[in-house]
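Asker: what would the 3D arrangement of this be:
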Amino acid sequence: MGDGKSTVAANLAKIAGSNAGDKCHQTPIYVIPRYIYEIGLMNSKGLSEVLSQGIDFSEVVAQAFREENLFVVTAGETPENPTKLFSSQRMENFLERTHTNYDLVIYDAPHIMGLLDTSILANRVDGVLIVAGLGKTIRPCLQQAVEELKAARSSVLGIVADTIER
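Answerer: Residues are numbered from 1 along each chain as shown. Predicted coordinates:
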């Protein structure tokens, strides 16, 4: 908590979105933030409602405020059993649809340690970028997170060391 995961995810999405306009064609970028103040959207209907209620994907995707090539799905209401939802067929369908329609998908997920739903998500994406707060994240916790990802056969793309005081 407080390592800067949401800020790094939001900024990575914004940068990728702004660079998309430089290509020959428009490349939409898509992020699913837990804390959406960085993007400027309200967290109403989101991924939780797609997975729990079967709401159509098109009802929850929105263009980020002042970000031409950034599309967002908020987290939605906190579900009672996120592990069940993340391992559902609806989640498979959601992943397939986002992979088909967007070139880059960034999930702003909670910490990895001990959370089964985060581990399930890590197994279903192409790679994981770990964010660690310098002076905040202790080395044993970082090592444990990397070991959990390795055990789950998730691809660790790298580690971002966030030094900004919050």
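Asker: quick one, helices of the protein?
Answerer: For the chain, the helices defined by DSSP state H cover 5-20, 47-53, 82-86, 89-101, 116-124, 139-151.
Asker: correct me, but T74 touches E59?
Answerer: No - with contact defined as Cβ atoms under 8 Å, T74 does not count as touching E59 (11.7 Å). Backbone N, C-alpha and C define where each C-beta goes, glycine included.
Asker: need the contact list for the residue most central in space within the chain.
Answerer: Computing the C-alpha centroid of the chain and ranking residues by Cα atoms, centre = their mean puts Y107 first, at 1.0 Å. The contact partners of Y107, taken as Cβ atoms under 8 Å, 6 or more residues apart in numbering, are A9, V31, I32, L121, V125.
Asker: so where is the chain shaky, pLDDT-wise?
Answerer: Applying pLDDT under 70 to the chain picks out residues 21-31, 33-40, 114, 164-166.
Asker: at 50 instead, please
Answerer: The model of the chain has pLDDT under 50 over residues 24-26.
Asker: that older thread, look up how far K5 lies from the residue nearest to the centre of the chain.
Answerer: The spacing between Y107 and K5, counted by Cβ to Cβ, to the nearest Å, is 10 Å.
Asker: can you pick out the residue with more neighbours from T74 and E59?
Answerer: With neighbours defined as other Cβ atoms under 10 Å, T74 and E59 compare such that T74 has more, 25 against 12.
Asker: look up how far Y102 lies from the more buried one.
Answerer: In this view, T74 and Y102 are 16 Å apart by Cβ to Cβ.
Asker: V72 now?
Answerer: For V72, the distance to Y102 - Cβ to Cβ - is 11 Å.
Asker: quick one, which of those two is more surrounded?
Answerer: V72 (24 against 16).
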